[in-house]
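S.K.: let me see the structure of the following:
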Amino acid sequence: MIQDIAPSTMDIHYEEREVSDDAVAMAFYEDRLLSRFDGERIAYPTYRELCRTTDGTVERPEATFLFRVDGQEFFQVKGPAEAPEGYVYRTMRELRALNTEHVTELFEAFTAYHLHTWYESSRYCGRCGGAMTHDTTERAMFCPACKTKVYPRINPAVIVGIRNGEKILVTRYRTGYAHSALVAGFAEIGETLEDTVRREVMEEVGLRVKNITYYKSQPWGTAADLLAGFFCEVDGSDEIRMDEQELKYAEWVGRDEIQLQPNNYSLTNEMMKLFQSGK
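M.R.: The predicted structure is shown next:
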């Protein structure tokens, strides 16, 4: 999965840091990330590459510390409107479509995007409308006027592998991602994750389920998600009543009929592969 970057490690611990010229700059412009791709690996500019000299004065863009990967510091930077030579602005979907086997760079992009979109949406206080500032002791935004503190938004969601004997229920969304998927959805206020599994399965495919078993979790920064994967079994009737507004396909498929996603980045694909292999 996209977070499986071993032997590399990501340290997300926040501290106030001054940006160095050699720091990696995750430069965003209109929610697109500046990068280059050599056919195998994705690379991002150094902070030095984004500094400009005008009339003898070095213009250093504002930078916010994000995280470290193997000790290398990464900072969020507002990128120039025109991409520097050798670099291209790409959306997260475009980066994912590059299908690189080096997931570390993609995980860096997804995590940076998660923080970038949160910082952008947290510039003003949702309580009093005042300008927010960076907290000095933890990753939070602070309102000096009303003392409100806001932390990064994380949306809990579930991915559900519904078993029916030697078959599993595979779906495809009506819009957006075009490849095979499993039933999925966001947790609502007051729900346990198991409650979310039951509700989402009923809403999307009209089935009751039992023996709900947790499998694994995954951060998914493009939607600020924390995904929790569950397997379960159909309980009673296996007649699918598909929500046609959300899905265009929902069928029971055997292990040898599963069409996997084109890459190994997602929890969904790992769960389908697990069932396909008989594990």
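S.K.: just give the number of residues close to residue 186.
M.R.: Neighbour count of residue 186, defined by other Cβ atoms under 10 Å: 14. Every residue, glycine included, has its C-beta placed from N, CA and C.
S.K.: beta partners of it?
M.R.: residue 157 (DSSP bridges).
S.K.: contacting residues around it?
M.R.: Counting by Cβ atoms under 8 Å, 6 or more residues apart in numbering, residue 186 makes contact with 155, 156, 157, 196, 225.
S.K.: which non-adjacent residue is nearest the second one?
M.R.: Yep, that's residue 156 we're talking about. residue 187 (4.4 Å; Cβ to Cβ, 6 or more residues apart in numbering).
S.K.: and the pLDDT at that neighbour?
M.R.: Listed pLDDT for residue 187 reads 97.
S.K.: confirm for me that residue 167 is in contact with residue 253.
M.R.: Yes: using Cβ atoms under 8 Å as the test, residue 167 is close enough to residue 253 to be in contact (6.0 Å).
S.K.: got a list of what the residue nearest to residue 156 touches?
M.R.: Residue 187 sits next to 156, 157, 158, 193, 195, 196 when contact means Cβ under 8 Å, 6+ apart.
S.K.: can you show me the CA trace of the lengthiest strand in the chain as PDB?
M.R.: Identified as the longest strand of the chain according to DSSP state E is strand 209-220. Provided in PDB are the C-alpha atoms of strand 209-220 (Å, rounded to 0.1, in the frame of the first residue of the first chain):
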ATOM      1  CA  VAL A 209     -23.800  -8.700   7.100                       C
ATOM      2  CA  LYS A 210     -22.400 -10.600  10.100                       C
ATOM      3  CA  ASN A 211     -19.000 -11.600  11.500                       C
ATOM      4  CA  ILE A 212     -17.500  -8.200  10.900                       C
ATOM      5  CA  THR A 213     -13.700  -8.500  11.300                       C
ATOM      6  CA  TYR A 214     -11.100  -5.700  11.200                       C
ATOM      7  CA  TYR A 215      -8.200  -6.200   8.800                       C
ATOM      8  CA  LYS A 216      -6.000  -3.200   8.400                       C
ATOM      9  CA  SER A 217      -6.000   0.600   8.200                       C
ATOM     10  CA  GLN A 218      -4.600   3.200   5.700                       C
ATOM     11  CA  PRO A 219      -4.100   6.900   5.600                       C
ATOM     12  CA  TRP A 220      -5.400   8.400   2.300                       C
END
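S.K.: and the average pLDDT for it is what?
M.R.: For strand 209-220, mean pLDDT rounds to 97.
S.K.: same check on stretch 115-125?
M.R.: 96.
S.K.: got the buried residues for it?
M.R.: Across stretch 115-125, burial judged by 16 or more other Cβ atoms under 10 Å covers 115, 116, 117, 118, 119, 122, 125.
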